[in-house]
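1. need a 3D model of the sequence below.
(chains A and B)
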Amino acid sequence: MSVLSNKQKFQLIKKMSDRVPHTALLGIQVVSIDGEELTLKLPYQKALVGDPTAGTLHGGALTVLLDQTLGMSTVCSDRIKPPVTPTLDLRIDHLGVAPPGMDIFACARVYKATRKILFVDGFAYCESRDKPIARASGSWVRVADVDLSWFLDSGQAGAQQ
Amino acid sequence: MTLGDILQQAPSAETLQLWLRKVPYAAFLGIRAELRDGEILFILPEDKKLVGNSSLPALHGGVVGAFMEQAAAFHLIAKMEKPVLPKIINFSLDYLRPARLRDTYAQCKLTRQGRLIANVTINAWQENSNQPNAIARAHFLLPESD
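-> Predicted structure coming up:
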């Protein structure tokens, strides 16, 4: 199984994200890739508030961030080729409330990959990853492998390791 | 008028619109609501900014989830004797088919409302309510009202 470097995964995710207008609109960006773990950030913005009195973020905005992070983390798994993966299901536990005005981070990794299904875990936090505000788990279907030729041939990624 | 003030009014087509406009993220997504046969129908109008997959094109799955969660919360508020903003505990979402770039609808069922917890199920569809694009279940914590 080919393994992409952290830098290659970063570039691949950036390219794939360019095709996701909604997350670009929200300003969701890649923070880091550490082996199989992907971290994305959702910058705070007033349009994403759910409780106008408290100024806290809407749970639904967190759903978008976690769906995106868990889904994209499938590209970071070193056990499989980067897959094309529609979401089958997603469950989110809201452990706490993000303080108003703070950016949200989400981390995810593939917990288990079978031939057709990827089981993914993740969580979201504000101040510190030791204080999660939500955790998520979901499953994604491997319908195909990502065609890496357009990506690797672009010269940005270099040869596979 | 604050959201809290508006919530105290009996749900009608007008107050539902006022509620939705007062929640910034619901307004950002463009969520609307109508009363149909005494039940609330939530509508997420077709909008290119909600696309998650531009080659299909399909709505972002997370947006469909956010729409369903907002629908569940307002459906619950509309059924409360003393309406307050409930707190989401968890949300479980099954994607059945991709949501295309067109209007999406949601209707909810308050499966159980206890003293502390409410369970709401949500059905979201585009063409036909018998062919849902996604189904979901939400648990809410009801703040002590006294």
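
2. longest helix of chain A?
-> Longest helix in chain A, counting residues (DSSP state H): helix A:59-72.

3. pLDDT of that helix, averaged?
-> Mean pLDDT, computed over helix A:59-72, is 96.

4. next: stretch B:45-54.
-> 92.

5. check stretch A:79-87 too.
-> Mean predicted confidence for stretch A:79-87 is 89.

6. now swap in stretch A:121-135 and tell me
-> Rounded mean pLDDT across stretch A:121-135 is 96.

7. which residues sit against that stretch?
-> Applying CB atoms under 8 Å, 6 or more residues apart in numbering or on different chains, the external contacts of stretch A:121-135 come out as A:62, A:65-66, A:69-70, A:73, A:92-99, A:102-109, A:111, A:136-137. For the C-beta atoms, the positions are set from N, CA and C on the backbone; glycine is no exception.

8. all strands of chain A, in order?
-> Ranges of strands in chain A, per DSSP state E, are A:29-34, A:37-42, A:49-51, A:56-57, A:83-84, A:87-94, A:104-113, A:117-125, A:132-141, A:144-145.

9. want to throw those into JSON lines with distance to B:H60?
-> Formatted as JSON lines, the strands of chain A follow (distance: least, CB to CB, whole Å):
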{"stretch": "strand A:29-34", "distance to B:H60": "16"}
{"stretch": "strand A:37-42", "distance to B:H60": "13"}
{"stretch": "strand A:49-51", "distance to B:H60": "17"}
{"stretch": "strand A:56-57", "distance to B:H60": "17"}
{"stretch": "strand A:83-84", "distance to B:H60": "16"}
{"stretch": "strand A:87-94", "distance to B:H60": "10"}
{"stretch": "strand A:104-113", "distance to B:H60": "15"}
{"stretch": "strand A:117-125", "distance to B:H60": "17"}
{"stretch": "strand A:132-141", "distance to B:H60": "14"}
{"stretch": "strand A:144-145", "distance to B:H60": "20"}
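
10. so which of the ones you listed comes closest to B:K49?
-> Nearest of these to B:K49, taken as CB to CB: strand A:37-42 at 15.8 Å.

11. just checking: what are the partner strands of that closest one?
-> Strand A:37-42 sits in its sheet next to strand A:29-34 (antiparallel), strand A:104-113 (antiparallel), going by DSSP bridges.

12. ok now that strand, how far from the chain's centre?
-> 6 Å (CA atoms, centre = their mean, to the nearest Å).

13. quick check: B:N133 vs B:N123, distance?
-> 9 Å (CB to CB, to the nearest Å).

14. which one's more surrounded, those two?
-> Counting neighbours by other CB atoms under 10 Å in any protein chain shown for B:N133 and for B:N123 shows that B:N133 has the greater number, 23 against 18.

15. list the contacts for A:T53?
-> Here A:T53 is in contact with B:T2, B:L3, B:G4 (CB under 8 Å, 6+ apart).

16. could you report the pLDDT at A:F10?
-> Confidence for A:F10, expressed as pLDDT, is 91.

17. from chain B, how far off is the residue nearest to it when sequence neighbours are not counted?
-> Once flanking residues are discounted, A:F10 sits nearest to A:I33: 5.3 Å by CB to CB, 6 or more residues apart in numbering or on different chains. From A:I33 across to chain B, the span is 20 Å (CB to the nearest CB, to the nearest Å).
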